[in-house]
Each structure stands twice: as structure tokens, then as C-alpha cells.
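Asker: based on what follows, work out the 3D shape:
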Amino acid sequence: ASSEARREPSRQKKTPSRAQQSQQMYYVGMPSKSKSQPSQTKSNRPIMKLYFGISFLLFHSASAFSYLNSLSPNGAAIASPPNTYAPSSTSSANISVNGEGGSAIHPHVASPATSTIGPSEEMLTLISRQVSVELQASQAYMAASIWFRARNMDGMAAWMLDESDEERGHGKQILEFALKNHYPVKLEPLAAPQSEWFSPPEVWETILGLEQQNTRNLLNIAHAADVCGMYGVKAFLDPFHVEQIEAEDKVGGILAKIQGASDTLMWELDHALGVEAEEESHH
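Answerer: Purely as a prediction, here's the structure:
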């Protein structure tokens, strides 16, 4: 009995009460907190928020920058062509076209070396020479006028003389344009023009060849001006190009009529050209 009495208190100590049981059930599964190790969750929370916020901004900024770079000037998304390189001022010398010896240049990208603007030596030389060329053409027309006048073909002689004056006027116009733009002009010695022919068709063949050569000279000047970006020179030459088209058409038409023409038709053409020259002189 005494041993039973001694065991009973120990059983009462080991058996928890219902309040204790319910309290233990409430704390089941909850993390235990130690006084010696304080919780770090609340202290680390602001740092974690800042880290994720920065990562979010960097990711979306990089995505937006890549999208903007992929846009064309009109706002449409395009894909960059493979192996395409836009030349810079420091590395353009090592770049070749179509990928040979370096990266390929995009077709619409202009090289800085080809964008120089200003009168080139070639253009200045051609303009200076053209003044003498026009004076040479004036002499050639005058020599043809003398030949026709010596054979009593006064109509063709008058027409040639008017053309001689017109060619001299062209030379003066080009000279004036050059001097206004401070271009150097040096007159060249003029060779004696051809003065002897066997027939009227030969005279007109010489004149047609003269006009064709003059057309090529003016086109060469226009090309040189285009290369160096002197568009004012090209605009100045436009009326000359139109006149050359009309002159070649006019002289070629007369030559076609004269070749193989009878004496009667030859004199009729001479009279018609004389009337035309007289009308031009009145204008």
C-alpha cells in the first residue's frame, strides 16, 4: 500500500491535464523560437524586396532597349541582316563589299570617303576647257559659212553664220558662270578649223560630228559635277543639254535631206534655211 501511494503522485505528475493537452495541440506544427537565436525573417525582408525590385527593372529595361533597337525608322520591327556592319570613321578602311576581306557593307550605307562636296580639279578643268571648245565650234561654223557663201549658197551660209554667233554666245555664258563662282579659266589656243570640203553633205557631216562631240563634253562636265556634289553646275548645264538635243536633231535632219538630193531640192533647202536664219536674226 505504501508503494502504491508512492507511485500515485508520480503518475499524476506525468499525466497532463486537458488544458495542457489543448495548449500542446495548439502549438503543434509551429516553429519553436529560441531566445538565444532571434528571428532574421523580418530584418531581411526589406533587402529581399529591394533586390527583387532592381532585378525586375533591369530585366524589363533590357527587353525594352532590345525592342527599340530592332525597330526600323517607320516603326516596324525588322531583323538585322546577318554579317552586316555599319562602317565607322576609324574602321572603314578594313571593310570590303560582299564580305570579302571583312564585314559586308549594307547597300544603303554610304562610305564617308564618297560624300565629299566641293569643286573637283576635274570639273574645274573641264569647265575652263569648255570655254575654248565653244569658241572652236564658233570658228568651225564660220568656216562652213564661208565655204557655202563662196558657192552662192547664201541660205546655208547665213544659217551657219547664225550658229557661229550662238556658239560664241555659249562660250561667253560659261565664262561668266565660271567667273561668278571664282573658277579659274585659262583660254587654250584654237586650231584652224576645217575649211575645204568636196560637197555640201560633207560639210553637214562635219557639223553633225561637231555637235555630237560638244554633247559629250557637256555630259562629262555634268558627270564630274555630280561626283563632287556641285548640283548648281548641273542646273546651269540643263539648258545646254536641251539645246544639244535640238541641234543634233536639226543638223541630222538636214543631212538626211541633202544626201542624194537633186540640184533642185538642194536649192530649195538652201532657200528654206536662209529664211529661217533671217527670222532668227530678227528675234
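
Asker: can you give me the strands for the stretch 101-250 of the chain?
Answerer: Secondary structure of the stretch 101-250 of the chain (DSSP state E, counting those that start in this stretch): strands located at 104-105.

Asker: shaky segments in it?
Answerer: 101-116 (pLDDT under 70).

Asker: repeat the analysis, applying 50 as the threshold.
Answerer: 101-115 (pLDDT under 50).

Asker: residue boundaries of the helices in it?
Answerer: With helices called from DSSP state H, counting those that start in this stretch, the stretch 101-250 of the chain shows them at 121-150, 154-180, 200-227, 231-258.

Asker: residue 271 is nearest to which of those?
Answerer: Nearest of the helices of the stretch 101-250 of the chain to residue 271, taken as Cβ to Cβ: helix 154-180 at 5.3 Å. In short, each C-beta sits where N, CA and C put it, glycine included.

Asker: name the residues of stretch 179-188 that are buried.
Answerer: Residues of stretch 179-188 classed as buried: residue 183 (neighbour count, 16 or more other Cβ atoms under 10 Å).

Asker: give me the contact list for that stretch.
Answerer: Residues from elsewhere that reach stretch 179-188, judged by Cβ atoms under 8 Å, 6 or more residues apart in numbering: 119, 124, 127-129, 131-132, 135, 175, 178, 232.

Asker: now a PyMOL select for only the buried ones of the residues you listed.
Answerer: Applying 16+ other Cβ under 10 Å to those, the buried members can be selected in PyMOL as follows:
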select buried, resi 119+124+127+128+129+131+132+135+175+178
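
Asker: looking at the contacts of stretch 179-188, which is nearest residue 255?
Answerer: Checking those against residue 255 by Cβ to Cβ gives residue 135 as the nearest, at 24.1 Å.

Asker: can I assume the closest one is in contact with residue 190?
Answerer: Yes. The pair residue 135 / residue 190 is scored as a contact, 6.1 Å apart, by Cβ atoms under 8 Å.

Asker: ok so, going back, export the helices of the stretch 101-250 of the chain as TSV, with columns for distance to residue 278.
Answerer: Listed next are the helices of the stretch 101-250 of the chain as TSV, based on distance: least, Cβ to Cβ, whole Å:
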stretch	distance to residue 278
helix 121-150	14
helix 154-180	7
helix 200-227	20
helix 231-258	16
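
Asker: for residue 205, see how far away residue 198 is.
Answerer: 11 Å (Cβ to Cβ, to the nearest Å).

Asker: report the contact partners of the closest residue to residue 165 other than its chain neighbours.
Answerer: Excluding its sequence neighbours, the residue lying closest to residue 165 (Cβ to Cβ, 6 or more residues apart in numbering) is residue 138, at 7.4 Å. When contacts are counted by Cβ under 8 Å, 6+ apart, residue 138 touches 164-165, 167-168, 171.

Asker: the same query, at a cut-off of 7 Å, please.
Answerer: 164, 167-168, 171 (Cβ atoms under 7 Å, 6 or more residues apart in numbering).

Asker: by neighbours, which of these wins?
Answerer: Sorting these by how many neighbours each has (other Cβ atoms under 10 Å) puts residue 167 first, at 23 neighbours.
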